[in-house]
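K.L.:
just the structure for this:
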Amino acid sequence: MRRFLTVLLSFYWIAFFSLAAWAGLLSGALPSVNGGILNMAGGFAPVIANSLIAVLFLWTALSAALDGAESGQQTEEIARLACAGGVGLMFMSFLNGATMSSTMLPGPGETSVLLALLVSYVVIRIERREAPQREDKLAVATPVSIARLNALGAAHGSLLDRIPMPSVTASVIPFDDMKGN
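P.N.:
Modelled structure (predicted):
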């Protein structure tokens, strides 16, 4: 499988956002004005948002696993959408935590999840960009490519022979033992 890390990270985020949606559903939080920004939008808004992000990561995993194209552009676009949704949801969680706490600062849990989402997206992008290079290195050389490389090597060698090089590159300095001898 070419995009192993993309599929693995996608399954991790599927589990994370699915469990967050399940926990929100089990909490049974009803909409209230004093419950924070997410609860003002409705009790099921966090559940729907987490479920939607989990479905986007599922789409990313399926696209990475089944994508036969060399570029993987579709997988990267879906991953970008899923990670952007996750980052947006974490920012909403920041705002929710800030309105409900006295410090008005996000907790380390939200910060670490946001950082992990961003690192996951960078890993997915790197893996997509490195995949064609790995396949090129593993490609079997054909006689035409071998002949082309030999011709390039010969042309390079003949051009190097045309560069004038002095026969003596440095003047010979006599040895002196600093005593005048």
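
K.L.:
all the helices of this protein, in order from the start?
P.N.:
Defined through DSSP state H, the helices belonging to the chain, from first to last, are 4-27, 37-41, 45-66, 73-100, 108-137, 143-162.

K.L.:
dump these to a markdown table, plus mean pLDDT.
P.N.:
Formatted as a markdown table, the entries for the helices of the chain read as follows, by pLDDT from 0 to 100:
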| stretch | mean pLDDT |
| --- | --- |
| helix 4-27 | 88 |
| helix 37-41 | 54 |
| helix 45-66 | 89 |
| helix 73-100 | 84 |
| helix 108-137 | 78 |
| helix 143-162 | 82 |
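
K.L.:
most tightly surrounded among these?
P.N.:
With neighbours defined as mean count of other CB atoms under 10 Å, these peak in mean count at helix 45-66, which reaches a mean of 20. All C-beta spots, glycine's among them, are computed from the backbone N, C-alpha and C.

K.L.:
other residues contacting that one?
P.N.:
1, 3, 6-7, 10-11, 13-14, 17-18, 20-21, 24-25, 38, 72, 74-75, 78-79, 81-82, 85-86, 89, 92, 124 (CB atoms under 8 Å, 6 or more residues apart in numbering).

K.L.:
again, 7 Å this time
P.N.:
Applying CB atoms under 7 Å, 6 or more residues apart in numbering, the set of residues contacting helix 45-66 from outside is 1, 3, 6-7, 10-11, 13-14, 17-18, 20-21, 24-25, 38, 74-75, 78-79, 81-82, 85-86, 89.

K.L.:
so how far is Leu89 from the residue nearest to Ser93 when sequence neighbours are not counted?
P.N.:
The shortest distance from Ser93 to any residue that is not its chain neighbour, by CB to CB, 6 or more residues apart in numbering, is 5.1 Å, and that residue is Glu110. Using CB to CB, to the nearest Å, one gets 10 Å for the distance from Glu110 to Leu89.
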